[in-house]
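[1] Provided below for reference: sequence and predicted model.
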There are 2 protein chains.
Amino acid sequence: MDYRPTIAISMGDPAGIGPEVIVKALADPVLRHRARYVIYGMNELLHYAADLAELDVFWWRDQYQGHLKAYGFDVTVVDYDQYSILGTTIRSPSKIGGDASMRFCLDAIDAAKKGIVDAVVTAPIAKESWKLAGHNYPGHTELFAQRTGARRYNMMFTGGPLRVVLATVHIPLNSVWGRLNIGAVFQPIELIHETLVNWFDIEKPRIAVCGLNPHASENGQFGDEEERIISPAIFMAREQGIDVTGPYPPDTIFLKAKHGTYDAVVAMYHDQGLIPVKLLAFDQAVNCTIGLPIIRTSPDHGTAFDIVGRNKANPGSMRAAISLAIDLAVKKHKHEQDRRRATDEIR
Amino acid sequence: MDYRPTIAISMGDPAGIGPEVIVKALADPVLRHRARYVIYGMNELLHYAADLAELDVFWWRDQYQGHLKAYGFDVTVVDYDQYSILGTTIRSPSKIGGDASMRFCLDAIDAAKKGIVDAVVTAPIAKESWKLAGHNYPGHTELFAQRTGARRYNMMFTGGPLRVVLATVHIPLNSVWGRLNIGAVFQPIELIHETLVNWFDIEKPRIAVCGLNPHASENGQFGDEEERIISPAIFMAREQGIDVTGPYPPDTIFLKAKHGTYDAVVAMYHDQGLIPVKLLAFDQAVNCTIGLPIIRTSPDHGTAFDIVGRNKANPGSMRAAISLAIDLAVKKHKHEQDRRRATDEIR
């Protein structure tokens, strides 16, 4: 049987749909069979969400005592009951929500760094809550990078048949030109290559790179970034032995990737990558940070304060995020074992 | 029975795949039943393409005598045999190819202006050939606009369930900011509204407008074009009674459009609109110029010189372009009859 990893789940903002999508996703016995889970969050809210969804409680609760532990149960809730918010700040950002969701994240990251868990899945936080609590991070990605000491990282999105890495992220489209240089294109190529080898167990990944302009500029007819920036980055990566090609016309490359011609596509800007991902797999899209020493995935939606408490949240994206975290943890484990065995043989 | 329109088809560059996709598309008896056709092109090449595809000749030939005529046949080829190129410039741009494809287009446009045909479908031309022949147009769209005196026009693409209009077209992405102003967003909203009413027979079209930035800037967090340019254009159009909303996050709006929530989407730049169209309907995408007094559609591919003469061209996009031209011609005819009847009743 496959290695059965332990997945940490941080509950996200207590006033958001995090608790609901977590209990709904883990209600699936297949997911529970494939891994153990430690949820860093609040038992009260998870209970409430399970009640609304008419689900039996399937977890074991352990009150948080100020230090991290390993658990042998199928599902454990590490309960931070000091953050009780019921009745006060439901459905909106709050300082206490920011403090709580930051705590859940930090402990999940620490658990992964210590090897207590194999991967972290993050339920959505509210940036506004983090700000109210004095935590100035643009989002999970930057927090994870800082806490794990990763200086090079990129956002990857998976959805249906696509894996897409973004060279630039949540910035005005007009600011792309200030960020896009050879290094900014080379880095996601190199990181996704390493990720596909080490975490996805793909021996020789095939990577495609998008152009920036219509038809990838048709030999410079509509812009020169392909020639000045993107092609040199591809050349550098090929020199390192990476199987990467492009720049391709952005409006046809995703169809080829969909049909399996490539293992990943590097997109130059947010919507270039997210339009195809969400069109092919709206409720299944997963955000995964690459370049970190630990595995981190996340559903590709926000706190959705407007539908909290109505049992209307779709757990599809959370289920996909958990499933991807398990896949990566199993393959990473296998990959590390193989390497260890190879090293032993050499000795 | 529905009105049976006459569709003009310009054969495009003689050295390209135009002849092949035309004969393959019209080999479909359903298409031939729905309309009559006049092909402005070269009998020799159409014959050759039919031979390669093992199709019986299904058309009547009339040698071009320097003036346009109406025909009662199911399919007529108006044969410009003065442009014979066989054996000389196959599979590449040429001056004679530019002269010939320009002639086919001009005569097809004139036939539409005179009412001899109800719509024009254009097979692909090679810009390089046009240049060699001294015809300096960026493409069909601008030629059609100039010859029909249309000062306001936009490119629309249909593919599967989507209709997408572009506010800016084949320009470097970095040049979008020089073109995007309130008028440049308002015009495609107004033109697609008129087109959907007059040519698509949709009484109250619902139009969605994309933002420019990630998440449509999330209230100005990533850019201000939504507030400065796009929202005012939407406001102006709503003041005119058009059912138009937005700006929407570009990465989620096409999924809603796909599910039928909107009749058309206005995209701010080429790839924002073309990525979803080609992903959902690669071999079925059709380019249609809106704002013209005449109906003009086109397959969404080029001359594909590399596969000419191998019987490998896929006629799907040409078939879709012809089918759309028929639909529009039938609905435009009905719409004009209804208006005439209404005017008569008032008299």
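    That came through, no problem.
[2] show me what from the stretch 51-200 of chain A comes close to chain B.
    Applying CB under 8 Å from any CB of the partner chain, we find that the stretch 51-200 of chain A lies next to chain B at A:169-177. C-beta here means a position set from N, CA and C on the backbone, and glycine is covered the same way.
[3] state the number of residues packed around the residue in the stretch 1-150 of chain A positioned nearest to chain B.
    Closest residue of the stretch 1-150 of chain A to chain B, CB to the nearest CB: A:Lys127 (9.4 Å). Applying other CB atoms under 10 Å in any protein chain shown, we find 21 other residues in the vicinity of A:Lys127.
[4] how about A:Ala112?
    Residues lying near A:Ala112 (other CB under 10 Å) number 24.
[5] and it, what helix or strand is that in?
    Counting by DSSP states H and E, the element that carries A:Ala112 is helix A:95-113.
[6] for that helix, buried residues please.
    Going by neighbour count (16 or more other CB atoms under 10 Å in any protein chain shown), the buried part of helix A:95-113 is A:96-105, A:107-113.
[7] helix or strand right after that helix?
    Next along from helix A:95-113, by DSSP H and E: strand A:119-122.
[8] just checking, what packs against that following strand?
    strand A:6-10, helix A:95-113, strand A:295-299, helix A:316-346 (3 or more CB pairs under 8 Å, 6 or more residues apart in numbering or on different chains; DSSP states H and E).
[9] show me what the mean pLDDT comes to for that strand.
    Strand A:119-122 shows a mean pLDDT of 98.
[10] do the same with stretch A:150-168
    Here the average pLDDT along stretch A:150-168 is 96.
[11] sorry, back to before: what packs against the helix holding A:Ala112?
    strand A:6-10, strand A:36-41, strand A:119-122, helix A:127-132, helix A:140-148.
[12] what angle sits between that helix and strand A:295-299?
    Interaxial angle, helix A:95-113 versus strand A:295-299 (axes from the mean of the first three to the mean of the last three CA atoms, to 10 degrees): 140 degrees.
[13] which of the helices and strands packed on strand A:119-122 has the lowest mean pLDDT?
    Minimum mean pLDDT among those: helix A:316-346, a mean of 91.
[14] please see if that one touches chain B.
    No - counting by CB under 8 Å from any CB, chain B has no neighbours in helix A:316-346; the shortest distance is 12.8 Å.
[15] in that helix, what counts as buried?
    For helix A:316-346, a neighbour-count test (16+ other CB under 10 Å) marks A:316-332 as buried.
[16] okay if I get the helices and strands packed on strand A:119-122 as JSON lines plus distance to A:Gln63?
    Conversion of these to JSON lines gives the following (distance: least, CB to CB, whole Å):
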{"stretch": "strand A:6-10", "distance to A:Gln63": "17"}
{"stretch": "helix A:95-113", "distance to A:Gln63": "14"}
{"stretch": "strand A:295-299", "distance to A:Gln63": "26"}
{"stretch": "helix A:316-346", "distance to A:Gln63": "24"}
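[17] so A:Arg61 touches A:Phe73, yeah?
    No - taking contacts as CB atoms under 8 Å, A:Arg61 lies outside contact range of A:Phe73: 9.9 Å.
[18] comparing these two, which residue is more hemmed in?
    A:Arg61 (16 against 13).
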